[in-house]
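A.B. asks: Structural data only, the sequence is not supplied:
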């Protein structure tokens, strides 16, 4: 399998982590990085051993040696940045949340499909071996019928009203930043069509949701209880409760182990050993799809990303939380 | 301190467990048991070393040597049974849920206050040393300001449509049976006045809720996420998330340990060693109140029990779940 030459747009924290894990990915080469300033791009390229550095996203997108571009800018810039890459004919992996709302995402999906270009949401959790194992347990009936899931992700960020997390202009708030993880997890296990969406949020001084609780209920009585926070630590686990057993996943967003407990007392533990953070699995999925001529990943299809974004839109509406879109 | 002579009304599973733990309680004596049949009462009295056995609740209530009576009959009988005891001038500890609805409970409270008799809900969780320690941590600011709590209690009972748990005639359903635990826990930590009550339930074939999810939100943005189930195992833990740390309580309804994790990395573990199930602490609280002439417990005041019952009424209304009251 030939190497995929990767370009990265953005030089922040998530771009750095992704760049580190590129070294762990099969068939992936660190190639170029683009920033709004050449200085910043050059610094990043040197630190992470990339061959090329560009002082604009357009220049990076135009590099004919690049196969795939990872968009790692703040949420409100995603749509514009993804379009820049797609217009240049590149495959794109876009950091979550994909866009600021479903309208923006629909535009990207239509464009990518028209141009027959690969596009995927960087929901890296879903490609982890532990989560693959969890799906296997669920699908082979190890816990019987699923009845309830719980997923929460919250951390205690320091009070910085101008930082990305709390700044409304930069798409701050718990739902967009961490909420996408439990929502995507619920979607993976229970599907994209909840019958009822109940939610509540605490909107803090900067006008964004500092914490939220969402309950989804589905036909047949299944429920999902989802929580997120950026000013308080949560348990960060996910659990799946079925008629014949329970699956528990500590730190589920970056899962490296999971426990299956059956009603009959049997216990199975899956433990993954990895030196990386775990981004290489989404990177390898992009490579796999490109090599096989797929324009989207069957593990995280675009329609599902869109349904999840629509759900987030509904939830934000319920909170009267709206963002200015660029 | 003189011994409290205890009488028990009912001879089922919970009556047996309570009787066992009476041996562990200070200043409490096993005295009499009452059943609808003398045979059943005599069997229970022999098994648990009680001095007297009565073939009717009225006869038991009339025994002048009894100081306090524990009502351990199925939920729909509580009101009638408590009234029988109060009319005979006895202090009463009533198994949870206190009654089938707030109207019934109000009647009991008014009657007990008029007669100046002690009355308390057997919310045994609240009197456990571990929960006392948890309250101490919360109140001394160990976790800063509380922002979110989670509490869930669910077990996987076999399908028995005529058994107490699933039978609507007998007050079956998850909310009444196990729901009272997370609701009472939320009330203890966050108070009795949620601003918003969001809930969903799965109403099964016997017409009762087999599982539920409740989100309560409070002024200032605090939230409680509460779950219960009688046909699926849940995690059964409670956690309290604050701005400066988190408290985790495994099997919180029968808590024997809790862990405090502070933001600064400090960890404190409280571990209780007990040979009993833990009912002796509520038994001792009744004794303490009687000896001090208190007509209700400051740890579980009647008004709080009533507010929780009103909350349950609202939640049941939202589900269109109503019970025939005797």
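C.D. replies: Sure, I can see it. Keep in mind that what you see is a predicted model, and the values were worked out from it rather than measured.

A.B. asks: Could you tell me the per-residue confidence at residue A:1?
C.D. replies: Predicted confidence (pLDDT) for residue A:1: 65.

A.B. asks: and what of residue A:325?
C.D. replies: For residue A:325, pLDDT reads 73.

A.B. asks: Give me the secondary structure label for it.
C.D. replies: The three-state assignment at residue A:325 reads coil, by DSSP: H, G, I helix; E, B strand; the rest coil.

A.B. asks: Neighbours of the closest residue to it other than its chain neighbours, how many?
C.D. replies: Using CB to CB, 6 or more residues apart in numbering or on different chains and skipping residues adjacent in sequence, the residue nearest residue A:325 is residue A:100, 5.5 Å away. To be clear about C-beta, it is placed using only N, CA and C from the backbone, and glycine gets the same treatment. Using other CB atoms under 10 Å in any protein chain shown, residue A:100 is surrounded by 24 other residues.

A.B. asks: What of the one 3 residues further on?
C.D. replies: Neighbour count for residue A:103, taken as other CB under 10 Å: 13.

A.B. asks: gap between the two ends of stretch A:273-284?
C.D. replies: 17 Å (CA to CA, to the nearest Å).

A.B. asks: List the buried residues in that stretch.
C.D. replies: Across stretch A:273-284, burial judged by 16 or more other CB atoms under 10 Å in any protein chain shown covers A:278-284.

A.B. asks: What segments of the stretch 151-300 of chain A are strands?
C.D. replies: Under the criterion DSSP state E, counting those that start in this stretch, strands of the stretch 151-300 of chain A are mapped to A:196-203, A:209-217, A:223-229, A:238-242, A:245-249, A:257-262, A:267-271.

A.B. asks: Chain B versus the residue lying closest to residue A:247 once chain neighbours are set aside, what's the distance?
C.D. replies: Taking CB to CB, 6+ apart as the measure, residue A:247 lies nearest to residue A:240, with 4.4 Å between them; neighbours along the chain are not counted. In this view, residue A:240 and chain B are 10 Å apart by CB to the nearest CB, to the nearest Å.

A.B. asks: which residues sit in contact with residue A:240?
C.D. replies: Residues in contact with residue A:240 (CB atoms under 8 Å, 6 or more residues apart in numbering or on different chains) are A:134, A:138, A:143, A:146, A:148-149, A:189, A:246-247.

A.B. asks: Residue A:8 contacts residue A:73, correct?
C.D. replies: No: taking contacts as CB atoms under 8 Å, residue A:8 lies outside contact range of residue A:73: 9.9 Å.

A.B. asks: of those two, who's got more company?
C.D. replies: Set side by side, residue A:8 and residue A:73 show more neighbours around residue A:8, with 31 against 23, by other CB under 10 Å.

A.B. asks: any idea which helix or strand comes after the helix or strand containing that one?
C.D. replies: Residue A:8 belongs to strand A:4-9 when assigned by DSSP states H and E. Where DSSP H and E defines the elements, the next helix or strand beyond strand A:4-9 is helix A:13-22.

A.B. asks: Residues contacting that next one, please?
C.D. replies: By CB under 8 Å, 6+ apart, the list of residues contacting helix A:13-22 reads A:6, A:8, A:28-30, A:33, A:44, A:47-48, A:50, A:70, A:72, A:95, A:276-280, A:283.

A.B. asks: in it, what counts as buried?
C.D. replies: By 16+ other CB under 10 Å, the buried positions in helix A:13-22 come out as A:14-22.

A.B. asks: Now that helix: average pLDDT?
C.D. replies: According to the model, helix A:13-22 has a mean pLDDT of 97.

A.B. asks: Next secondary structure element downstream of that helix?
C.D. replies: Using DSSP H and E, the next helix or strand after helix A:13-22 towards the C-terminus is strand A:28-34.

A.B. asks: Neighbouring strands of that following strand in the sheet, and parallel or not?
C.D. replies: Partners of strand A:28-34 in the sheet, by DSSP bridges, are strand A:4-9 (parallel), strand A:52-54 (parallel).

A.B. asks: pLDDT on the shortest one, on average?
C.D. replies: It refers to strand A:52-54. Per-residue pLDDT values across strand A:52-54 average out to 98.

A.B. asks: Show me what counts as buried in it.
C.D. replies: Buried-residue list, strand A:52-54, by 16+ other CB under 10 Å: A:52-54.

A.B. asks: quick one: which of those is nearest residue B:128?
C.D. replies: residue A:53 (61.5 Å; CB to CB).
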